[in-house]
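Novice: Provided below for reference: sequence and predicted model.
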Amino acid sequence: MRRSHFIAIGVFTVGSVVALYAQQRGGPADHPAVTVKGQTYTPASILARNMGSTQDQETQFPPHKIIGNVYYVGTRTLSSFLIVTPQGHILMDSTYERNVPTIKKSVEQLGFKFADIKILLGNHAHGDHQEGDAAVKQMTGATVMAVAEDIPALKAIMPGGKDHPIDRVLHDNDTISLGTTMLVARLTAGHTRGATTYTAKIEEAGKTYDVVFFSSLRAGGVVTPAVAAEFNHTFSLVRSLPCDVPLGDHPAEYDMQAKYAKLAASGGNPFIDKSHCFDEADIQEAMYRAVVEEQKATESRQR
Ligand SMILES: [Zn+2]
């Protein structure tokens, strides 16, 4: 009896996970759909756009300069940014642990030393952005900084049983300085409790640009009142940020591939794109509002 009871619980749990996975991946639960600037999105289409295939997640994208001292060192679908200074470098997002050697290779191909990374930051506590933190810490001795609200989730990311390193706890509006570069951490919670957008003033050719490293703004599942409060604050906060150069934790969030393709052609810097700074926020907010409406309709039907 005891044994069959145990199996029943097991089946129920696996079934719930499969349903959740199907909901995230598409299939019958892939709704609502929203149309923003003529393009229609569903939860599954956004997830597919962000993640691509397993191969996309693991394949090096050509490392390149974005603006000033900011470089791209990630894969085709998982962003990793390198900010170089004479006093050492900042790495933002280690991505999956298996990608760390690829990121190291990209840093070296740009002519920098991986061992010169002094600070490691992360956009939010999900494995596709921060699973490699312990490996980067081991290889570089970098100071790992994380926003307080994400620490419980980060502590649970333990590839190979390794403890998640955290050397400095950040709070909203804290600054991170290295050399002449200063980043400001802004809590933009919702996707995770501690999802963080970093901003920096970056110089290029005698001008200063506001660079925004956006975190994901995607509503990941059931919107609880606490998550709703976070998103309502976050969407107005991100729109208040000065922005010339929008970046994102997935390259598709800022149309990296199309901009990269323009690098060789034009004289201007295609990553300076003020008019599209909040395109991703528009898409994610439309989806978020639609998810909330759908949730309300379901709740009132059940009443
Ligand atoms: Zn995420």
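Specialist: The structure has been received and is ready for your questions.
Novice: and the nearest residue to residue 263 once chain neighbours are set aside, which of the three is it?
Specialist: Excluding its sequence neighbours, the residue lying closest to residue 263 (Cβ to Cβ, 6 or more residues apart in numbering) is residue 270, at 6.3 Å. In short, each C-beta sits where N, CA and C put it, glycine included. On the three-state scheme (DSSP: H, G, I helix; E, B strand; the rest coil), residue 270 is labelled coil.
Novice: Then residue 66?
Specialist: strand.
Novice: how about the nearest residue to it once chain neighbours are set aside, what does it touch?
Specialist: Nearest non-adjacent residue to residue 66, counting by Cβ to Cβ, 6+ apart: residue 271, 4.9 Å away. Counting by Cβ atoms under 8 Å, 6 or more residues apart in numbering, residue 271 touches 66-67, 245, 247, 254, 259.
Novice: I figured residue 290 hits residue 32, correct?
Specialist: Yes. Look at residue 290 against residue 32 with Cβ atoms under 8 Å: they come within range, at 4.0 Å.
Novice: re the thing from before, from the ion, how far off is the residue nearest to residue 263?
Specialist: 26 Å (Cβ to the ion, to the nearest Å).
Novice: OK, contacts around that residue?
Specialist: Counting by Cβ under 8 Å, 6+ apart, residue 270 has contacts 258-260, 262-263.
Novice: tell me the phi and psi of it?
Specialist: Main-chain torsions, residue 270, degrees, to the nearest 10: phi -60, psi -20.
Novice: Could you check how far the residue of the stretch 1-150 of the chain at minimum distance from the ion is from residue 193?
Specialist: Residue nearest to the ion within the stretch 1-150 of the chain: residue 126 (3.6 Å; Cβ to the ion). Distance, residue 126 to residue 193, using Cβ to Cβ, to the nearest Å: 12 Å.
Novice: which residues are common contacts for those two?
Specialist: Common neighbours of residue 126 and residue 193 (Cβ under 8 Å, 6+ apart) are residue 153.
Novice: Residue numbers of the stretch 1-150 of the chain in contact with the ion?
Specialist: Neighbours of the ion within the stretch 1-150 of the chain, by Cβ under 5 Å from the ion: residue 126.
Novice: Which parts of the stretch 1-150 of the chain are helices?
Specialist: 2-25, 43-51, 54-58, 100-109, 127-130, 133-140 (DSSP state H, counting those that start in this stretch).
Novice: Comparing the ones you listed by mean pLDDT, which bottoms out?
Specialist: Mean pLDDT per stretch puts helix 2-25 lowest among those, at a mean of 41.
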